[in-house]
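In: following is a predicted model, sequence given first.
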Amino acid sequence: MTQSYRQYFFVASLMLITQMAKRLKKLSSQVSLIIGLLLPSIALAAYPDHPIKLVVPFAPAGAVDGIARLFSTDFGKNLGQTVIVDNRPGSGSTIGILSVIKAPPDGYTLLLGNIATASAPAMYPNSAINLKLLQPITLIGRSAYVLVVKNDFPAQNVAELIALLKANPAKFNYSSAGAGSAIHLAAELFKNKAGVDITHIPYKGAGPAMNALMAGDVEMMFGSVAELKSQIQAKRFRAIGVTTSTRSSALPDVPTMIEGGVKDYDVAGWYGVYAPANLPSDVFMKLKRAAELTLKSDGIQQLLKRYAMEPVQGGSKEAGDMLDAEAKRWTEVITKANIYAD
């Protein structure tokens, strides 16, 4: 092989290698582009690919647990995945709340929030609960509480009750489901707004608190309409005021506290769904859409009726506003009444 032929062969081989390298580079870019376009669709389709936990920071069988189980059925159907209720009671709901705050923000761990969620940072200042680490998804509904008195109590309405309490400071007692419970806070807010003094007698749950009233151990209590309605109808005690700004559809003949003269008194049990903060946008939108569909379902109407709840405007903004407003209000009440669990 001559010198000139060897040079020609070398140059031709080099050109061929260069062309092949260019073609491989172009093909690699095209493959990367295709993968880049496909990956978001694949990720979107992946959620949810396994069951979702809805954490309830209370024991099974209570009202909050029942609401969670009814809601989760239709919510799961609209997500295309099973939603499992995960009861995590303890330390006044802080265990359950913290388990959600600390969970990965992937949409697989959610919280059923209520007044206990909003009041937890003030009630348990050593718990390190930061509500800003919860991302709101939806509100579910709200329900009135009702002020009831024993049958032989002299006051026939809220106005008469306030006059009697002012004339006899600290003479009368009220029961609650425990220090810091929603019905305890409702009573403390009443005391603040009405300018009265009633002695708090805490019990371990709403049932024992109600039994104490029927036994005459206390003169009055606040309780949920859903839990007390049957006893009111059976005339085991008398209802004199509901706590919401409008009358409850479950007890339409009972005036509101505002009608009785307690200005701006509007307290409701409310329930919403929250997630760890910083959810991926596609996951958040799936949860938001599923919640919107759930709130329009027949199942949610059954839930509202069963627990004497009223429908609400249930978007994520409303859920966030509710948590913020309730946290502010109950922090003020807790601080003034010096109610601390820690």
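Out: Looks like it arrived, so ask away. Residues are numbered from 1 along each chain as shown.
In: for the chain, give me the ranges with low pLDDT.
Out: 1-45, 342 (pLDDT under 70).
In: residue ranges of the strands in it, please?
Out: For the chain, applying DSSP state E gives strands covering 52-56, 83-87, 109-113, 134-149, 173-176, 199-202, 220-224, 238-242, 268-276, 309-310.
In: residues near K235, how many?
Out: By the criterion of other C-beta atoms under 10 Å, K235 has 8 neighbours. From N, CA and C alone the C-beta is placed, and that goes for glycine too.
In: which residues touch the closest residue to it other than its chain neighbours?
Out: Leaving aside its sequence neighbours, K235 sits nearest to N151 (C-beta to C-beta, 6 or more residues apart in numbering; 7.1 Å). Residues in contact with N151 (C-beta atoms under 8 Å, 6 or more residues apart in numbering) are K235, R236, F237, R238.
In: can I assume the third one is in contact with V148?
Out: Yes. Under the criterion of C-beta atoms under 8 Å, F237 lies in contact with V148, with a separation of 4.6 Å.
In: please say which of those two ends up with more neighbours.
Out: Remark: of F237 and V148, V148 carries more neighbours, 25 against 22, as counted by other C-beta under 10 Å.
In: who's that one bridged to?
Out: Residues in a beta bridge with V148, per DSSP bridges, are M221, A239.
In: tell me which of the strands of the chain lies nearest to S316.
Out: Comparing the strands of the chain against S316 with C-beta to C-beta, the closest turns out to be strand 134-149 (4.8 Å).
In: just the C-alphas of that closest one, formatted as PDB.
Out: The C-alpha coordinates for strand 134-149 follow below in PDB (Å, rounded to 0.1, in the frame of the first residue of the first chain):
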ATOM      1  CA  LEU A 134     -50.400  22.300  56.400                       C
ATOM      2  CA  GLN A 135     -51.700  22.800  52.900                       C
ATOM      3  CA  PRO A 136     -55.500  23.200  52.700                       C
ATOM      4  CA  ILE A 137     -57.400  21.000  50.300                       C
ATOM      5  CA  THR A 138     -61.100  21.500  51.100                       C
ATOM      6  CA  LEU A 139     -63.800  22.200  53.700                       C
ATOM      7  CA  ILE A 140     -66.400  19.500  54.200                       C
ATOM      8  CA  GLY A 141     -69.100  21.200  56.300                       C
ATOM      9  CA  ARG A 142     -69.900  23.000  59.600                       C
ATOM     10  CA  SER A 143     -72.300  22.200  62.400                       C
ATOM     11  CA  ALA A 144     -73.800  24.100  65.300                       C
ATOM     12  CA  TYR A 145     -73.300  23.600  68.900                       C
ATOM     13  CA  VAL A 146     -76.200  24.100  71.300                       C
ATOM     14  CA  LEU A 147     -76.400  25.400  74.800                       C
ATOM     15  CA  VAL A 148     -78.600  23.200  77.000                       C
ATOM     16  CA  VAL A 149     -79.700  23.600  80.700                       C
END
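In: how far off centre is it?
Out: Averaging C-alpha positions (C-alpha atoms, centre = their mean, to the nearest Å) puts strand 134-149 8 Å from its chain's average.
In: got JSON lines for the contacts of N151, with distance to P89 too?
Out: Converted to JSON lines, these look like this (distance: C-beta to C-beta, whole Å):
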{"residue": "K235", "distance to P89": "34"}
{"residue": "R236", "distance to P89": "28"}
{"residue": "F237", "distance to P89": "28"}
{"residue": "R238", "distance to P89": "32"}
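In: now for the residues you listed: which two are most distant?
Out: Distance extremes for these: the farthest pair is R236 and R238 at 9.1 Å, using C-beta to C-beta.
In: out of these two, which sits in the more crowded spot?
Out: The neighbour comparison of R236 against R238 (other C-beta under 10 Å) goes to R238, with 18 against 15.
In: please, where are all the helices along the stretch 151-300 of the chain?
Out: Ranges of helices in the stretch 151-300 of the chain, per DSSP state H, counting those that start in this stretch, are 158-167, 182-194, 206-214, 225-233, 281-295, 298-306.
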